[in-house]
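# here are the coordinates; sequence isn't available:
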DNA sequence: GCGTAATAGTTGTTTTTGTAACTAACAAGG
DNA sequence: CCTTGTTAGTTACAAAAACAACTATTACGC
């Protein structure tokens, strides 16, 4: 008999924590700006890193290009971003926020900042740092599982 | 100017870590048993906690009852579980694994056990414990965000 | 240059999810 | 008992995600 415990299984725990911690923030960008998860992510990438192409966002955010494509279309329709064709390579589109897009980003970034602090309120600064470090490592890992 | 960093935002980090760490395991239950995430979860609840009702699983797994309902229907169709009407309260169904269901559970549990160890291989035992403890706390929290 | 492959991005189709409405069975107050 | 409310679970319809196929443009090999 194994001592395996579902509720201590890391992927399960991570999912539960991710869902619980996303809920309240999700409510904000949905209620205030009618955004979906992928739209919020694209907005934040453009807000934080400046103009980028859809491919660059796809790589950095680890989102499939179809998700980016649809999120961009929606953000453009709502005048949060604009596209600009690259002169040299006409396949490429450079995306950048409009003033409205930047305002939304600034607003949501401030919320996110406070929310993050609230989530970590129970932990000391060094514990919080360690937690985020471990999560970043897990996020970057590409675990396989050879013949399990 | 804020020093906010998307990639250090806890809900975002948790999502990335959860997705990355779920991928390889997901592949296993999908390839071997054609299961979806919710089906795997129901299977594990029944395997670990013994016969339960759909409602009990719903509460413990924090899954909406419609997800349970569909997962149960699929698991039943594939002969991984059976239902039994409660004698006293005929609304209630007690769910229990069949031999095939238990075999699948035993197999997947063993994979999960090894996979968990692999994910945590870089951490010391006390770091791993602390990480899981923090995640459990986050998973249990019901953060609101009053007028942000 | 020309055929083939690769890249950027979009569109269409199928699954899966989310939300709400529904049936059936029980509970409780008068 | 009989209305009203609650709980267990299902079903129907709309929204979103996954996946594959598509167009357009550029790069590469010869």
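Perfect, I can see it now. Computed from a predicted structure; not experimentally measured. Numbers count the residues shown, from 1 in each chain, chains lettered A, B, ... in the order given.

# Report whether stretch A:88-100 contacts DNA strand C.
Yes. For stretch A:88-100, a contact with DNA strand C is found by CB under 7 Å from any atom of the strand, at A:91-93. Just so you know, the C-beta spots here come from the backbone N, C-alpha and C atoms, and that holds for glycine as well.

# Could you point out the longest helix of chain A?
With secondary structure taken from DSSP state H, chain A has its longest helix at helix A:10-33.

# just the angle between that helix and helix B:10-33, please?
With axes from the mean of the first three to the mean of the last three CA atoms, to 10 degrees as the criterion, the two stretches helix A:10-33 and helix B:10-33 enclose an angle of 130 degrees.

# buried ones in helix A:10-33?
Along helix A:10-33, the positions that meet the burial threshold by neighbour count (16 or more other CB atoms under 10 Å in any protein chain shown) are A:10-22, A:24-26, A:28-29, A:33.

# Tell me the helix or strand right after that helix.
helix A:37-49 (DSSP states H and E).

# Against chain B, how distant is the most centrally placed residue in chain A?
Taking CA atoms, centre = their mean, the centroid of chain A lies closest to residue A:41, which sits 4.2 Å from it. Between residue A:41 and chain B the distance, using CB to the nearest CB, to the nearest Å, works out to 8 Å.

# Same check on residue A:99?
In this structure, residue A:99 and chain B are 17 Å apart, going by CB to the nearest CB.

# Which neighbouring elements make contact with the longest helix of chain A?
Applying 3 or more CB pairs under 8 Å, 6 or more residues apart in numbering or on different chains; DSSP states H and E, one finds that helix A:10-33 contacts helix A:37-49, helix A:99-119, helix B:10-33, helix B:99-119, helix B:125-140.

# wait, does it contact DNA strand D?
No. Helix A:10-33 does not reach DNA strand D (CB under 7 Å from any atom of the strand); its nearest approach is 8.5 Å.

# next one: that helix to chain centre, how far?
Here the centre of helix A:10-33 is set off from its chain's centre by 11 Å, with CA atoms, centre = their mean, to the nearest Å.

# just to revisit the earlier point, next up, the contacts around the closest residue to the residue nearest to the centre of chain A other than its chain neighbours.
Counting by CB to CB, 6 or more residues apart in numbering or on different chains, residue A:61 is the residue found nearest to residue A:41 once chain neighbours are left out, at 5.4 Å. Residue A:61 is in contact with A:41-42, A:45, A:68, counting by CB atoms under 8 Å, 6 or more residues apart in numbering or on different chains.

# mind redoing it with 10 Å?
The neighbours of residue A:61, taking CB atoms under 10 Å, 6 or more residues apart in numbering or on different chains as the test, are A:38, A:41-42, A:44-45, A:67-68, A:71, B:6-7, B:12, B:16.

# With residue A:32 instead?
Here residue A:32 is in contact with A:104, A:107-108, A:111 (CB under 10 Å, 6+ apart).

# mind redoing it with 8 Å?
With contacts taken as CB under 8 Å, 6+ apart, residue A:32 has the following neighbours: A:104, A:107-108.

# now swap in residue A:5 and tell me
Applying CB under 8 Å, 6+ apart as the definition, the contact partners of residue A:5 turn out to be residue B:48.

# what does chain A have sitting close to DNA strand C?
Proximity of chain A to DNA strand C is assessed by CB under 7 Å from any atom of the strand, with A:53-55, A:58, A:65-66, A:68-70, A:72-73, A:91-93 identified as the residues in range.

# out of the residues you listed, which are buried?
A:53-54, A:58, A:68, A:72.

# Output these in CSV, with pLDDT and secondary structure appended to each entry.
Converted to CSV, these look like this (pLDDT from 0 to 100; DSSP: H, G, I helix; E, B strand; the rest coil):
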residue, pLDDT, secondary structure
A:53, 96, strand
A:54, 96, helix
A:58, 96, helix
A:68, 96, helix
A:72, 97, helix
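
# Dump the residues you listed into TSV; add distance to DNA strand D as well.
Putting those into TSV (distance: CB to the nearest atom of the strand, whole Å) gives the following:
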residue	distance to DNA strand D
A:53	13
A:54	13
A:58	12
A:68	11
A:72	13
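
# Distance of the nearest residue to residue A:145 once chain neighbours are set aside relative to residue B:103?
In space, residue A:145 comes closest to residue B:24 once its chain neighbours are excluded; the distance is 4.9 Å by CB to CB, 6+ apart. Computed with CB to CB, to the nearest Å, the distance linking residue B:24 and residue B:103 is 21 Å.
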